[in-house]
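Colleague: generate a structure from the sequence data that follows.
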Amino acid sequence: MAAGLDQPSQPVIRGFIIHLDRARDRLPQVERLAAKLPVPSQIVEAVDGRALAAADIERIYRPRLQKPYYPFAMSTGEIACFLSHRKAWAAIVEQGIDAGLVFEDDVEIDDTFHAAFAAARICLKPGSFIRFPFRMGKEHGKCVLAQGETTVIQPRRVGLGMVAQLVSRDAAIRLLEATSVFDRPVDTTVQMSWFTRVSPLAVLPGGVREISGELGGSTIKSRKTLAERLARELLRPLYRAQIAFRSHRII
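Modeller: A predicted model of the protein is given here:
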């Protein structure tokens, strides 16, 4: 028998960096990120919220579809961001690979990322969705893997942000099926594992940081009136409490 014939094959993983074409000042960061990632990577052209027609939005955005109801209207930037992640998930499926390492373009990786990625690869299986959080201390849960200074957990409540994830092909399929029409931002949708049939894990530390402020600011956020900001301050904790309650029930 040939040497190594009985060794398990390594999963095929490719990188996908979501980048808005008109954000040309971010292209050098995209190139730096692609050079640092541990897998071959490509750009996924982000959906431009400025180019979304009203008919496009009406076709895919339906407020108050799932409980707990999301208490805010989505901005066109948030809708475009969701569609951009769907493009990345679709690319994973279309290319027939085992998983995609999906990054947004306003992310930098640090020296701990390679340990985080190695731990995520160990935990990768069909249906896996593994997050690399950029905020420490926000997620707590059962330890799935401990490797040196790195741990992988099953969060009691999935954290927010979609800066970096390792998405298996099966998870991408389930997410695409669940979100052909959506009612809230992509990160809050991913929190709803009872709906998506995807249960995210998180690697701590994630080895990533969000640097949109260093790149000219967010391409998603829009200015809000004082009344809108006050409403968010009141309604956000109530909504998060509902998500936490539903999350605890299914753990």
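Colleague: got the contact list for the residue nearest to the spatial centre of the chain?
Modeller: Nearest to the geometric centre of the chain sits residue 162, at 3.1 Å (Cα atoms, centre = their mean). Listed by Cβ atoms under 8 Å, 6 or more residues apart in numbering, the contact partners of residue 162 are 81, 85, 102, 104, 186-187, 190. Yep, even glycine has a C-beta here, placed from its N, CA and C like the rest.
Colleague: could you redo the last one with a cut-off of 7 Å?
Modeller: 85, 104, 186-187 (Cβ atoms under 7 Å, 6 or more residues apart in numbering).
Colleague: make JSON lines from the residues you listed and add pLDDT and neighbour count to it.
Modeller: Output for the contacts of residue 162, formatted as JSON lines (pLDDT from 0 to 100; neighbours: other Cβ atoms under 10 Å):
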{"residue": "85", "pLDDT": "98", "neighbour count": "27"}
{"residue": "104", "pLDDT": "97", "neighbour count": "27"}
{"residue": "186", "pLDDT": "98", "neighbour count": "19"}
{"residue": "187", "pLDDT": "98", "neighbour count": "18"}
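Colleague: list just the nearest of those residues to residue 137.
Modeller: residue 187 (17.5 Å; Cβ to Cβ).
Colleague: distance check, that closest one against residue 82.
Modeller: 9 Å (Cβ to Cβ, to the nearest Å).
Colleague: so what sits against both of the two?
Modeller: Contacts common to residue 187 and residue 82, judged by Cβ under 7 Å, 6+ apart, are absent.
Colleague: picking up where we left off before, in strands, which of the contacts of residue 162 fall?
Modeller: Mapping the contacts of residue 162 onto strands (DSSP state E) picks out residue 104.
Colleague: okay, the contacts of residue 162 in JSON lines with distance to residue 143 next?
Modeller: Formatted as JSON lines, the contacts of residue 162 follow (distance: Cβ to Cβ, whole Å):
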{"residue": "85", "distance to residue 143": "27"}
{"residue": "104", "distance to residue 143": "27"}
{"residue": "186", "distance to residue 143": "27"}
{"residue": "187", "distance to residue 143": "23"}
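Colleague: out of the contacts of residue 162, who's nearest residue 228?
Modeller: Closest to residue 228, out of all of the contacts of residue 162 and judged by Cβ to Cβ, is residue 187, at 19.4 Å.
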